[in-house]
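Chemist: please work out how this folds:
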Amino acid sequence: MKKTLITGAAGFLGSHLCDRFIAEGHHVIGMDNLITGDLKNIAHLFPLEHFEFHHHDVSTFVHLEGKLDYILHFASPASPIDYLKIPIETLKVGSLGTLNLLGLAKEKNARILVASTSEVYGDPLVHPQNEEYYGNVSPVGPRGVYDEAKRFMESITMAYHRYHGLETRIVRIFNTYGSRMRLNDGRVVPAFMGQALRGEDLTVFGDGSQTRSFCYIDDQVEGIYRLLFSNYPEPVNIGNPHETTIKEFAEEIIALTETDQKIIYKPLPKDDPLQRQPDITKAKEILGWEPQVNRSEGLKIVYDYFKSLSPEELQKKEHRNFFTK
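Modeler: This next block holds a predicted model:
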């Protein structure tokens, strides 16, 4: 049986990856420091023989006994609310955490896939964004703590690949949505759905003309799975290329939820990207992958999930595990 370590296992994307790799017959070791993750996302896995959980911060030394075949490094705050509140931890998990896990992969002779992001493109001057585009990123802007941590992650991963011959994979994840997202994490899908369910007006930043491309979680997991087992070490975009403006998306959510909220407009945050659309040519050619779930279908599933949350979860404004300086 293959043994796979998944960091960020109690998070949105990490928990779905745990599900997939257990379903594929792997023994999964989940690791998370629970700053932004939540054990409820993986509670259903604890009774299973082939799942174990380690409460650990990968920014410190990581040690595991025995063999290890694969590492998927998904530990990181992933929403603006998160990484603006804990900027140092965000930088550390992308730099020190990645270094520690690359060292573990080298020690165990394991293949490692690291989770990068479309944010490495910054506020792009090329549209759609392909993997050859170097990006338009401010290293000293408020979002730089996340963007530059991921850019460093990619650089050191390729250094280990070239210098040590380590088997590495890099996925650049574009906006992904699905069950287990935190309603209060600041990303647009849970933000709009949470506001609609609470009877609040939907908040659009800027004039709403900025664009995003939303990928359903099952499609994202499938792309990541295929990339891990490919032979391609360079970065690969995994996302849905069907682009929409934020204003159009807000109107779509109002129609889906059958609510009559208004759309209100607030100033655009600093360095917020105006366009985001993946060029998935490489994913198609190398992995034979492209998204299968259209947005209307995926949003219905996610809306049903959010409707099932308790009133306490629906009203929660702050993540319980954040700490202050």
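
Chemist: may I have the lowest-mean-pLDDT helix or strand in the chain as PDB, with CA atoms only?
Modeler: Every helix and strand of the chain was ranked by mean pLDDT, DSSP states H and E. The lowest is helix 311-315, at a mean of 82. Extracted as PDB, the C-alpha positions of helix 311-315 are listed here (Å, rounded to 0.1, in the frame of the first residue of the first chain):
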ATOM      1  CA  PRO A 311     -27.300  28.800  12.400                       C
ATOM      2  CA  GLU A 312     -24.100  29.200  14.500                       C
ATOM      3  CA  GLU A 313     -21.900  28.400  11.600                       C
ATOM      4  CA  LEU A 314     -23.900  30.600   9.300                       C
ATOM      5  CA  GLN A 315     -23.400  33.600  11.600                       C
END
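
Chemist: residues in contact with it?
Modeler: Contact with helix 311-315 is made by Leu183, Gly194, Leu197, Arg198, Phe306, as judged by CB atoms under 8 Å, 6 or more residues apart in numbering. Backbone N, C-alpha and C define where each C-beta goes, glycine included.

Chemist: can you report how many residues lie near the first one?
Modeler: Yep, that's Leu183 we're talking about. Using other CB atoms under 10 Å, Leu183 has 21 other residues around it.

Chemist: check whether it really touches Ser308, as I assumed.
Modeler: No: using CB atoms under 8 Å, Leu183 is not in contact with Ser308, being 11.9 Å away.

Chemist: list the buried residues of stretch 206-225.
Modeler: 208, 210-225 (16 or more other CB atoms under 10 Å).

Chemist: which elements pack onto the helix or strand harbouring Leu13?
Modeler: Using DSSP states H and E, Leu13 sits in helix 12-23. Counting contacts by 3 or more CB pairs under 8 Å, 6 or more residues apart in numbering; DSSP states H and E, helix 12-23 is packed against strand 3-7, strand 27-32, helix 217-228.

Chemist: averaged pLDDT, that helix. What do you get?
Modeler: Helix 12-23 carries an average pLDDT of 98.

Chemist: identify all contacting residues around that helix.
Modeler: In contact with helix 12-23 (CB under 8 Å, 6+ apart) are residues 4, 6-9, 28, 30, 32, 37, 41-42, 45, 48, 50-51, 72, 74-75, 78, 115, 173, 176, 178, 180-182, 217-218, 220-221, 224-225.

Chemist: for stretch 152-171, same thing?
Modeler: Contacts for stretch 152-171 (CB under 8 Å, 6+ apart): 73, 94-95, 98-99, 102, 105-106, 110-116, 120, 223-224, 227-228, 230, 232-236, 238.

Chemist: what about the residues you listed, which are in strands?
Modeler: Among the contacts of stretch 152-171, the members falling in strands (DSSP state E) are His73, Arg111, Ile112, Leu113, Val114, Ala115, Ser116, Pro235, Val236, Ile238.

Chemist: reformat the residues you listed as JSON lines; add pLDDT, distance to Ile22 and neighbour count.
Modeler: JSON lines is the format used below for the ones in strands among the contacts of stretch 152-171 (pLDDT from 0 to 100; distance: CB to CB, whole Å; neighbours: other CB atoms under 10 Å):
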{"residue": "His73", "pLDDT": "98", "distance to Ile22": "18", "neighbour count": "28"}
{"residue": "Arg111", "pLDDT": "98", "distance to Ile22": "18", "neighbour count": "18"}
{"residue": "Ile112", "pLDDT": "98", "distance to Ile22": "19", "neighbour count": "26"}
{"residue": "Leu113", "pLDDT": "99", "distance to Ile22": "17", "neighbour count": "26"}
{"residue": "Val114", "pLDDT": "98", "distance to Ile22": "21", "neighbour count": "26"}
{"residue": "Ala115", "pLDDT": "98", "distance to Ile22": "19", "neighbour count": "25"}
{"residue": "Ser116", "pLDDT": "98", "distance to Ile22": "24", "neighbour count": "23"}
{"residue": "Pro235", "pLDDT": "98", "distance to Ile22": "27", "neighbour count": "20"}
{"residue": "Val236", "pLDDT": "98", "distance to Ile22": "24", "neighbour count": "24"}
{"residue": "Ile238", "pLDDT": "98", "distance to Ile22": "21", "neighbour count": "29"}
